[in-house]
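>>> sequence-free structure coming up:
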Ligand SMILES: Nc1ncnc2c1ncn2[C@@H]1O[C@H](COP(=O)(O)OP(=O)(O)OP(=O)(O)O)[C@@H](O)[C@H]1O
Ligand SMILES: [Mg+2]
């Protein structure tokens, strides 16, 4: 956070936007209890971009499901804006990994993006305008009449992002959102998300098992390891707002941070 | 599916072969419909021609010539005897199907969404669907009387099961990620049913209705074989009781034709309400 250090200091007193305290989660009960998350604590500030990395099966998706209110933790709390959540929350939106399955094929792209607003009772005209605007923000201006299945994977994931943005939640939760697209599309989507975050000031928590992606995107990288999972490291990347696929990844701090994460994961 | 099987074997000379890439050809619906009808009609024409020739000199009283069957059919269609009966029967069929579809879909949505209820009701559903529906006709009519109502209820009762069961299956098959989406984005219950679960289950529901259609036609006819004074079933029963064999055949033939036309109309309807499903290649 080197570049942002000065303004950040002023906000020290303010509470984090999203707070996880003593979060413990298991699947199953009694003898077959499988403890996945053990006493996790996390603070995410307003406007921050946080990546969560960890090896496959460590419990990243489980953590994200707790954060989104889809499952209830065994103990501990998740709070947003100081309010403890006990289910899906107005201020939390999710971009699912499987874009092709999270968009509804019977609705046009515009309808897909506008639908959550309809659930909130927003009138048709207004929600279509909002949807159109957010489609434009992800680079899909004027494509709202198409159906998701008429679009490429990368475009579909853009639609899913537009849908989350249109919902206008304070926090965006993303579970490996770019895992199933090709490398070039992946870079494009990463840069899109960085841009959107910078312009809209939305807080993003992104789960990935790709260390480079975690570092490139985030202000703060949280490393999960062990079984049950705990936070084994928190790294402030300090790349500031400007990121470039070539420059940033060539930054010596990038290499250092990556080596540090790899060490952490190997040690545990 | 049968319609694709029929389509992939078009009669040479109908000019359909040249227009193979049918997925791209989504516009001009009337032309498409006309084409479909043509493609399906040729085999029937052949069958009827063979029937006509083979039965021309028939001396068997129970197998009259097609010519005499068609003559009776034409006569009774135009003098109103059969048309009135057909209108009555089709009215019953439409009403029965409508009730079956409404009850089947609503019941199926509710049962599909509530696991506990489904587990309680499941054995009952499987018991009733296993009972041969036509056998229930005399019972229902015996219990509820001979009017139009009991006939409609019988049709509704018989047609409801495939719709109900398919709706439940469709609801259970809704993509889990879409369910998660609906929960995370806090879609209200009513909207969730109407815009998420119902469309997701619709392909299955439509398949259920397709199964229900011929069941409905059978039960429609059977319901008029008991305690009736009009309808197609009555026409068939009455003519056979009075040894008017060509008329009996004519009635049966007409039922077949109606069934066929209804199934064609159903395909058109299906393509219309499930266009996303066919075009997306989800099928
Ligand atoms: N619904 C469930 N019931 C029981 N066990 C589960 C369930 N979901 C996940 N698990 C188990 O919990 C552990 C953590 O799973 P999770 O999906 O959270 O890992 P992950 O870090 O997201 O992995 P990946 O990187 O492969 O997506 C795994 O061992 C998995 O088998
Ligand atoms: Mg996962």
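Ah, there it is. All figures in this text were calculated on a predicted structure; none of them were measured in a lab. Ligands and ions are numbered 1, 2, ... in the order given.

>>> Flag every residue of the stretch 101-250 of chain A that's near chain B.
Residues of the stretch 101-250 of chain A lying close to chain B by C-beta under 8 Å from any C-beta of the partner chain are A:101-102, A:104-107, A:115-116, A:118-120, A:147, A:149, A:167. No exception for glycine: its C-beta is placed from N, CA and C like everyone else's.

>>> rerun at 10 Å
Within the stretch 101-250 of chain A, the positions lying close to chain B (C-beta under 10 Å from any C-beta of the partner chain) are A:101-108, A:111-112, A:115-121, A:147-150, A:160, A:163-164, A:167, A:169, A:173.

>>> What parts of the stretch 1-150 of chain A come near ligand 1?
A:27, A:34, A:36, A:54, A:56-62 (C-beta under 6 Å from any ligand atom).

>>> and the residues of the stretch 101-250 of chain A next to chain B, which of them are in strands?
Those of those mapping onto strands are residue A:173, per DSSP state E.

>>> Now a ChimeraX select for only the buried ones of the residues of the stretch 101-250 of chain A next to chain B.
Selection of the buried residues among those in ChimeraX, burial being defined by 16 or more other C-beta atoms under 10 Å in any protein chain shown:
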select /A:101,102,103,104,105,106,107,108,111,112,115,116,117,118,119,147,148,160,163,164,167,169,173
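
>>> give me the number of residues near residue B:184?
25 (other C-beta atoms under 10 Å in any protein chain shown).

>>> likewise the one 4 residues further on?
Other residues near residue B:188 number 13, with proximity taken as other C-beta under 10 Å.

>>> Let me see the contact set for it.
For residue B:188, the contact set (C-beta atoms under 10 Å, 6 or more residues apart in numbering or on different chains) comprises A:118-121, B:182, B:194.

>>> cool, and residue A:264?
Contact analysis of residue A:264 by C-beta under 10 Å, 6+ apart lists A:53-54, A:223-225, A:232-233, A:235.

>>> ditto for residue B:76
By C-beta under 10 Å, 6+ apart, the residues touching residue B:76 are B:82-86, B:235, B:239, B:244, B:246-247, B:250-251, B:254.

>>> Give me the secondary structure label for it.
helix (DSSP: H, G, I helix; E, B strand; the rest coil).

>>> For the nearest residue to residue A:200 once chain neighbours are set aside, give me the pLDDT.
Nearest in space to residue A:200, with sequence neighbours left out and distances taken as C-beta to C-beta, 6 or more residues apart in numbering or on different chains, is residue A:165 at 6.9 Å. Per-residue pLDDT puts residue A:165 at 93.

>>> Could you find the closest non-adjacent residue to residue A:157?
Counting by C-beta to C-beta, 6+ apart, the residue nearest residue A:157 is residue A:99, at 4.3 Å.

>>> Let me fix that, I meant to ask about residue B:268.
The nearest residue in space to residue B:268 (C-beta to C-beta, 6+ apart) is residue B:33, at 6.1 Å.

>>> do the same with residue B:193
Closest to residue B:193 by C-beta to C-beta, 6+ apart is residue B:109, at 6.0 Å.

>>> contacting residues around the residue in the stretch 151-283 of chain B positioned nearest to ligand 1?
The stretch 151-283 of chain B approaches ligand 1 most closely through residue B:176 (10.7 Å), counting by C-beta to the nearest ligand atom. By C-beta under 10 Å, 6+ apart, residue B:176 lies in contact with A:98, A:101-102.

>>> Which single residue of the stretch 151-268 of chain A approaches ligand 1 most closely?
For the stretch 151-268 of chain A, C-beta to the nearest ligand atom, closest residue to ligand 1: residue A:209, 4.8 Å.

>>> hang on, that residue packs against residue A:179?
Yes - using C-beta atoms under 10 Å, residue A:209 makes contact with residue A:179 at a distance of 8.1 Å.

>>> can you give me the offset of stretch A:225-240 from its chain's centre?
In this view, stretch A:225-240 has its centroid 15 Å away from the chain centroid, taken as C-alpha atoms, centre = their mean, to the nearest Å.

>>> What about residue 44, how many residues nearby?
In the absence of a named chain, chain A is used. Every residue meeting other C-beta under 10 Å relative to residue A:44 is counted, giving 22.

>>> um, chain B though
Residue B:44: 11 neighbours (other C-beta under 10 Å).

>>> give me every residue that touches it.
Contacts for residue B:44 were tallied using C-beta under 10 Å, 6+ apart; they are B:257, B:260.

>>> In what element of secondary structure is it found?
Using DSSP states H and E, the element containing residue B:44 is helix B:29-55.

>>> do residue A:25 as well
Under the criterion of DSSP H and E, residue A:25 resides in strand A:18-27.

>>> Now the element after that strand, going C-ward?
Downstream of strand A:18-27, the next assigned helix or strand under DSSP H and E is strand A:34-44.

>>> Run me through the strand neighbours of whatever helix or strand comes next after that next one, direction for each.
Proceeding N to C from strand A:34-44, the next assigned helix or strand is strand A:49-53, under DSSP H and E. Paired strands of strand A:49-53, with direction, are strand A:203-208 (parallel), strand A:220-225 (parallel) (DSSP bridges).

>>> Give me the below-cutoff pLDDT ranges for the stretch 151-283 of chain B.
Within the stretch 151-283 of chain B, the segments meeting pLDDT under 70 span B:282-283.

>>> Ligand 1 contacts on that one?
Residues of the stretch 151-283 of chain B lying close to ligand 1 by C-beta under 6 Å from any ligand atom: none are found.
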